[in-house]
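Colleague: Fold the following for me, if possible:
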Amino acid sequence: MSGAGRSDCAAALEKLYDFLDGELPDASNREIAGHLERCRACWPQFNFERVFLDRLAAVGECPDPCPELANRIRALLDEQAS
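Modeller: Below is the predicted model of the structure:
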């Protein structure tokens with residue numbers, strides 16, 4: 001764990017997605033960044049999640065389905081509801 005206890009790791013990993021999304025307050029952001037710089041145990045998880053989110057963003061949004069497909073799905077859902 002290289003200078004960090006298990007509770008520090010748990011706290012850092014619990015906030016990992018908020019950290020990666022830039023949604024943490026500055027103080028928490030610095031705390032998590034510092035932990036990740038020091039902790040060899042958490043780095044692989046952080047790196048995996050970062051790469052995953054980067055690739056997901058690179059794919060972009062899914063296009064809207066064609067109207068025919070959307071209508072077929074609605075019809076099937078209506079059948080199941082009846």
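Colleague: which is the next helix or strand following whichever strand or helix holds residue 47?
Modeller: Using DSSP states H and E, residue 47 falls within helix 43-59. The first helix or strand that comes after helix 43-59 along the chain, using DSSP H and E, is helix 67-81.
Colleague: Contacts made by that following helix with the rest, please.
Modeller: Residues outside helix 67-81 that contact it (C-beta atoms under 8 Å, 6 or more residues apart in numbering): 64-65. Backbone N, C-alpha and C define where each C-beta goes, glycine included.
Colleague: Just the CA atoms of the helix holding residue 47, as CSV, please.
Modeller: Presented in CSV, the C-alpha positions along helix 43-59 are these (Å, rounded to 0.1, in the frame of the first residue of the first chain):
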residue,chain,number,x,y,z
TRP,A,43,-3.1,2.7,-9.0
PRO,A,44,-4.1,-0.3,-11.2
GLN,A,45,-7.7,0.2,-10.4
PHE,A,46,-7.5,3.9,-11.1
ASN,A,47,-5.7,3.4,-14.3
PHE,A,48,-8.1,0.7,-15.5
GLU,A,49,-11.2,2.9,-14.8
ARG,A,50,-9.5,5.9,-16.4
VAL,A,51,-8.7,4.0,-19.6
PHE,A,52,-12.2,2.5,-19.6
LEU,A,53,-13.9,5.9,-19.3
ASP,A,54,-11.6,7.4,-21.9
ARG,A,55,-12.5,4.6,-24.4
LEU,A,56,-16.2,4.9,-23.6
ALA,A,57,-16.1,8.6,-24.3
ALA,A,58,-14.2,8.0,-27.6
VAL,A,59,-17.0,5.8,-28.8
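Colleague: how distant is that helix from the center of its chain?
Modeller: 8 Å (C-alpha atoms, centre = their mean, to the nearest Å).
Colleague: same deal with stretch 58-77?
Modeller: On C-alpha atoms, centre = their mean, the centre of stretch 58-77 falls 24 Å from the chain's centre.
Colleague: try stretch 15-24
Modeller: Between the centre of stretch 15-24 and the centre of its chain there are 8 Å (C-alpha atoms, centre = their mean).
Colleague: repeat for stretch 40-47
Modeller: Distance of stretch 40-47 from the chain centroid (C-alpha atoms, centre = their mean) equals 14 Å.
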